[in-house]
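1. following is a predicted model, sequence given first.
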Amino acid sequence: MTTNGSLNRKLRMALVGGGQGAFIGRVHATAAVLDNRAVLVAGCLSSNAEKAKASAPDYDIPAARAYTSIGELILKERALPAEQRIDFVSVATPNHTHFEIAKAAVDAGFNVMCDKPMTFDLAQAEALAEAVDKSGVVFAVTHNYTGHPLVRQARAMIAAGELGEINAIRACYIQGWLRTRLETSDQKQASWRTDPKRSGAAGCFGDIATHAYNLARYTTGLLPAEISCHLKSFEKGRPLDDYGTAIIRFQNGALGTVTASQISHGRENDVFIEIDGTKASLSWRQEDPNQMIVRKNGEPHRIYTRAGGPYLNEAAAAATRIPSGHPEGYLEAFANLYRSAYDNMILRAEGKPFEKLNTIYPNVNDGVDGMHFIQQSVASSQQNGAWLPLAHKRARK
């Protein structure tokens, strides 16, 4: 058996969401077991009871632990002997359901891996963070791009001062799949993402700009001060934004931009970030995640490659599984978040202290920060780009 340190067993997982026709649930299930440190033993795979039961064999979940509601999952798992019950719940459902599911798991003492954005609105996010503080569980938010080795390389380089003082950040997430109104044909992914009752106050900015913003915050550690934002729905009749851009003033005086689009022809999942410092600049692109370029005036450009050699720092090396030249990508980055959270879950299971604030994975405080970003982006846009405060008391460096 693969062991988890002195815990000497695999962690036991319950998946919420991921039923037939879903996308992100299967990603969670795959990433969670990639390193053979966890096993999927239970789930509530759909809000539809029949579908929840029918989907269970797809994940090898036994019928007795294929639940039809989060309430049933919590009740029956807590009734099991300690050596059988789950250790954590993965939340892979539409935004409007995150709070109810995650809060129930947290209050029951189960660790949580929650998809982004963390909740439906900021009030829910703040309430959930307070519940996490009270319960002491491990809580991770799956901003999966932070799991890429070269993103962690960039983060450590910036923290060490290799780029000097950070002056400017350009973070983008550009897609094109919603150029037409797919939601009118009942396409599942489009339907809930463009529905204010299920997605929240923002569409494109809630769905993908949160990733770009989080990437900027994660790599630089800069604290935001103010935001000015413009959002627009270019597809007639769509109630939520499908394009937007924001300018962010950071507390150190740096300027940042976050741009997100779901209506740019031919663009797939083009997440990229460019960071300018007084000593050097760097750029990284998710669709080519195994390279990062560092530039200095008067010097040849340096290309860092994942697993490329001793120049990689400890954080990047620890996030790498296979030799250089063999591409690692989306699933491996997702798995790195799980792996990092597992380390703390094991410490908690052993009754040992663990880091709750300055974690290498995005935690509940980052979830609150992301929801605050969405709220203030929408509010600024509604006021014709007015500058609004973006500093939240839970925002961490």
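-> Okay, I see it.

2. which residues sit against stretch 94-103?
-> When contacts are defined by C-beta atoms under 8 Å, 6 or more residues apart in numbering, stretch 94-103 is touched by residues 16, 47, 70, 89, 91, 93, 112, 114-115, 117-120, 124-125, 127-128, 131, 139, 192, 197-200, 206. (Each C-beta comes from the backbone N, C-alpha and C, glycine too.)

3. now Ile174, what are its backbone angles?
-> Dihedral angles of Ile174 (phi, psi; degrees, to the nearest 10) stand at phi -120, psi 120.

4. bridging residues for it?
-> Per DSSP bridges, residues listed as beta-bridge partners of Ile174: Ser261, Asp270.

5. name all residues that make contact with it.
-> Listed by C-beta under 8 Å, 6+ apart, the contact partners of Ile174 are Thr259, Ala260, Ser261, Ser264, Arg267, Asp270.

6. which of those residues are buried, as a PyMOL select command?
-> This is the PyMOL syntax for the buried subset of the contacts of Ile174, where burial follows 16 or more other C-beta atoms under 10 Å:
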select buried, resi 259+260+261+264+267+270
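
7. out of the contacts of stretch 94-103, which are inside helices?
-> Here DSSP state H is the test, and the contacts of stretch 94-103 give Ile70, Gln124, Ala125, Ala127, Leu128, Ala131, Trp192, Lys197, Arg198, Ser199 as lying in helices.

8. relative to Ser281, which of the contacts of Ile174 is nearest.
-> Thr259 (18.0 Å; C-beta to C-beta).

9. which residue is nearest the middle of the protein?
-> Most central in the chain under C-alpha atoms, centre = their mean is His143, positioned 1.7 Å from the mean C-alpha point.

10. and the gap between the residue of the chain most remote from its centre and Ala260?
-> Within the chain, the residue lying farthest from the chain centre (C-alpha atoms, centre = their mean) is Gly298, at 37.1 Å. Using C-beta to C-beta, to the nearest Å, one obtains 34 Å as the distance from Gly298 to Ala260.

11. about what we covered before: distance of the residue farthest from the centre of the chain from Met157?
-> In this view, Gly298 and Met157 are 19 Å apart by C-beta to C-beta.

12. now Asp241
-> In this view, Asp241 and Met157 are 34 Å apart by C-beta to C-beta.

13. settle it for me: which of these two has more neighbours?
-> For Asp241 and Met157, the more surrounded residue by other C-beta atoms under 10 Å is Asp241, and the numbers stand at 28 against 22.

14. could you look up the SS state of that one?
-> coil (DSSP: H, G, I helix; E, B strand; the rest coil).

15. per-residue pLDDT, it?
-> pLDDT for Asp241: 98.

16. ok, now which ones touch it?
-> Listed by C-beta under 8 Å, 6+ apart, the contact set of Asp241 reads Ala202, Gly203, Cys204, Phe205, Leu231, Lys232, Ser233, Ser381.

17. go again with 10 Å.
-> 194, 201-207, 209, 229-234, 260-263, 377-378, 381 (C-beta atoms under 10 Å, 6 or more residues apart in numbering).

18. now a PyMOL select for only the buried ones of those.
-> Isolation of the buried members of the contacts of Asp241 (16+ other C-beta under 10 Å) is achieved in PyMOL through the command below:
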select buried, resi 194+201+202+203+204+205+206+207+209+229+231+233+260+261+262+263+377+378+381
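
19. measure the residue farthest from the centre of the chain to Gln187 for me?
-> In this view, Gly298 and Gln187 are 51 Å apart by C-beta to C-beta.

20. Leu231 sits in which helix or strand?
-> Leu231 belongs to strand 224-232 when assigned by DSSP states H and E.

21. immediately after that strand, which helix or strand?
-> strand 243-250.

22. and that following strand, how far out from the chain's middle?
-> Remark: strand 243-250 is offset 19 Å from the chain centroid, using C-alpha atoms, centre = their mean, to the nearest Å.

23. strands paired with it, and their directions?
-> Strand 243-250 has these partner strands in its sheet, going by DSSP bridges: strand 224-232 (antiparallel), strand 255-261 (antiparallel).

24. could the ones you listed go into TSV alongside mean pLDDT and distance to His148?
-> Formatted as TSV, the entries for those read as follows, by pLDDT from 0 to 100; distance: least, C-beta to C-beta, whole Å:
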stretch	mean pLDDT	distance to His148
strand 224-232	98	22
strand 255-261	98	19
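
25. now tabulate those in CSV and tack on distance to Ala349.
-> CSV is the format used below for these (distance: least, C-beta to C-beta, whole Å):
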stretch, distance to Ala349
strand 224-232, 35
strand 255-261, 38
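
26. these: which one's closest to Pro389?
-> Shortest separation from Pro389 across these is recorded for strand 224-232, at 5.9 Å, computed as C-beta to C-beta.

27. with adjacent residues omitted, what lies nearest to Lys296?
-> In space, and not counting its chain neighbours, Lys296 is closest to Ala280: 4.8 Å by C-beta to C-beta, 6 or more residues apart in numbering.

28. quick one: the helix or strand Gly370 falls within to chain centroid distance?
-> With elements delineated by DSSP H and E, Gly370 resides in helix 364-382, which encompasses its position. On the basis of C-alpha atoms, centre = their mean, helix 364-382 is displaced by 14 Å from the centre of the chain it belongs to.
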